[in-house]
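In: show me how the following folds:
(one chain, ligands or ions: 1)
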Amino acid sequence: MSTLEVCGLDVRFRLGRRPPRYVRAVSDVDLDLRPGRLLALVGESGCGKSVLTEALTGLLPSTAEVRGQAVLGDSNQTTDLLDADERTLREKVRGRLIGLVGQSAGSYLTPTRTVGAQLRETVRHLGAGVDVGELAARVQLPAAALELYPHELSGGTAQRVALAAALAGDPPVLLADEPTAGLDRPLVDHTMDLLAATAHEGRAVLVITHDLRAARRAADDLAVMYASRLLETGPIGEVLADPWHTYTAGLVAALPGEGFTPIPGHPPELSALPDGCPFRPRSPEHAATCTDDPRLVPYGERAVACVGDGAQRSSTRAVAR
Ligand SMILES: Nc1ncnc2c1ncn2[C@@H]1O[C@H](COP(=O)(O)OP(=O)(O)OP(=O)(O)O)[C@@H](O)[C@H]1O
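Out: Here you go, the predicted structure:
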């Protein structure tokens, strides 16, 4: 069973040479993806979620500077994804060790060929032994859909095609970047349930989403990102029932049914990030207790940044419950 352990991941984009200017898209991220679990990564637009997954799959442009480790493997063999060359990523990692599900299946399907033909080609390319009919059945894609062209697919069916393609090489890790964007609620639920099922078959699954309600439905774990940093991680039920970070509490309070109260203010520019806690300048409530150290500190299964003793007290409460 493969695990993906990300440690100290930093990504910054060089914007100019004189003077050198940078956008810090990912700062000091530690994250574990574990087999059999679905981790939802949430956070406001532009906080670095997609860049994080692009770093793991070597899909960043040449202006990106990447540091840290991302070790994928089991007790027999490991690969550091950040050290791997393009050939290794192309021939061994993408599709085989890591499956990718994008926002819109339409953006990578060829418009002039049927879904079935394209899935067969994917299976052949990966040298996978799986039958396309079987693959379709696993993601509840009706056999008739294999005869359709991409423009004939509904949003939900297109996402099932994307999932089938991502699973063709039977990768132990699946990364899905906003797989439910633009879908209506029943299709969001259905897509999330399918992703949860693929996790519970033994895969490590990461789903990027803006939809905390969808995350709550399907995820086992939650990671909350803000302005390039993770501010809180842990089992999703515990984190949402008792958020330790003020930002996480703000996301929960913004949910319909939980108050529908947006978080006031805006995230900072990633080209001008403060050295300490990036949320402190936005929230007087958080600033009152913030330690200004934005590194995640683990407390059992959970971890939180810049909350200090508050988390420890909460942790004791959580253990006592
Ligand atoms: N090639 C690039 N050059 C410079 N900056 C970039 C580049 N790609 C991404 N960024 C910046 O990195 C930051 C993080 O972008 P990213 O796409 O990861 O955000 P996100 O959290 O996935 O947002 P969304 O939820 O809207 O998809 C943004 O400020 C974005 O403008």
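In: now the residue of the stretch 51-200 of the chain found nearest the ligand: closest residue in space, sequence neighbours ignored.
Out: Nearest residue of the stretch 51-200 of the chain to the ligand (Cβ to the nearest ligand atom) works out as Val51 at 3.5 Å. Every C-beta, even on glycine, is put in place using the N, C-alpha and C of the backbone. The shortest distance from Val51 to any non-neighbouring residue, by Cβ to Cβ, 6 or more residues apart in numbering, is to Ala25 (4.1 Å).
In: also Ser283?
Out: Here the residue nearest Ser283, using Cβ to Cβ, 6+ apart, is Thr246, at 5.5 Å.
In: just the endpoints, please. Distance across stretch 78-93?
Out: 11 Å (Cα to Cα, to the nearest Å).
In: which residues touch that stretch?
Out: 4, 9, 55-58, 66-73, 97 (Cβ atoms under 8 Å, 6 or more residues apart in numbering).
In: which among those residues count as buried?
Out: The neighbour-count criterion (16 or more other Cβ atoms under 10 Å) marks 4, 9, 55-58, 66, 68, 70, 72-73, 97 among the contacts of stretch 78-93 as buried.
In: closest to Gly182 among these?
Out: Nearest to Gly182, judged by Cβ to Cβ, of the buried ones among the contacts of stretch 78-93 is Thr57 at 22.6 Å.
In: re earlier: determine which two of the buried ones among the contacts of stretch 78-93 are furthest apart.
Out: Val66 and Gly73, at 19.1 Å, using Cβ to Cβ across these.
In: which ones are touching the residue of the stretch 51-200 of the chain closest to the ligand?
Out: Applying Cβ under 8 Å, 6+ apart, we find Val51 in contact with 11, 25-26, 60, 64.
In: looking at these, which one is closest to Ala204?
Out: Val26 (18.9 Å).
In: is the ligand within reach of the helix or strand hosting the closest one?
Out: Following DSSP states H and E, one finds Val26 within strand 21-33. Yes. Using Cβ under 6 Å from any ligand atom, strand 21-33 reaches the ligand at 23, 25.
In: contacts for that strand next, please.
Out: Residues contacting strand 21-33 (Cβ under 8 Å, 6+ apart): 3-15, 39, 48, 51-52, 55, 64-65, 68, 173, 204-206, 223, 228-230, 233, 270-271, 273, 294-296, 303.
In: which neighbours does it have in its sheet, and in what orientation?
Out: Using DSSP bridges, strand 21-33 pairs in its sheet with strand 3-16 (antiparallel).
In: could the C-alpha coordinates of the strand it pairs with be exported in PDB?
Out: C-alpha atoms of strand 3-16 as PDB (Å, rounded to 0.1, in the frame of the first residue of the first chain):
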ATOM      1  CA  THR A   3       1.600   6.400   0.900                       C
ATOM      2  CA  LEU A   4       2.500   9.900  -0.300                       C
ATOM      3  CA  GLU A   5       4.400  12.000   2.300                       C
ATOM      4  CA  VAL A   6       4.900  15.600   1.400                       C
ATOM      5  CA  CYS A   7       7.400  17.400   3.600                       C
ATOM      6  CA  GLY A   8       8.300  21.100   3.600                       C
ATOM      7  CA  LEU A   9       7.000  21.800   0.100                       C
ATOM      8  CA  ASP A  10       7.700  25.300  -1.200                       C
ATOM      9  CA  VAL A  11       6.800  26.600  -4.600                       C
ATOM     10  CA  ARG A  12       7.400  30.100  -5.800                       C
ATOM     11  CA  PHE A  13       7.100  31.600  -9.300                       C
ATOM     12  CA  ARG A  14       9.800  34.000 -10.500                       C
ATOM     13  CA  LEU A  15       8.100  37.100 -12.000                       C
ATOM     14  CA  GLY A  16      11.000  39.300 -13.000                       C
END
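In: tell me the confidence at Gly16?
Out: Per-residue pLDDT puts Gly16 at 79.
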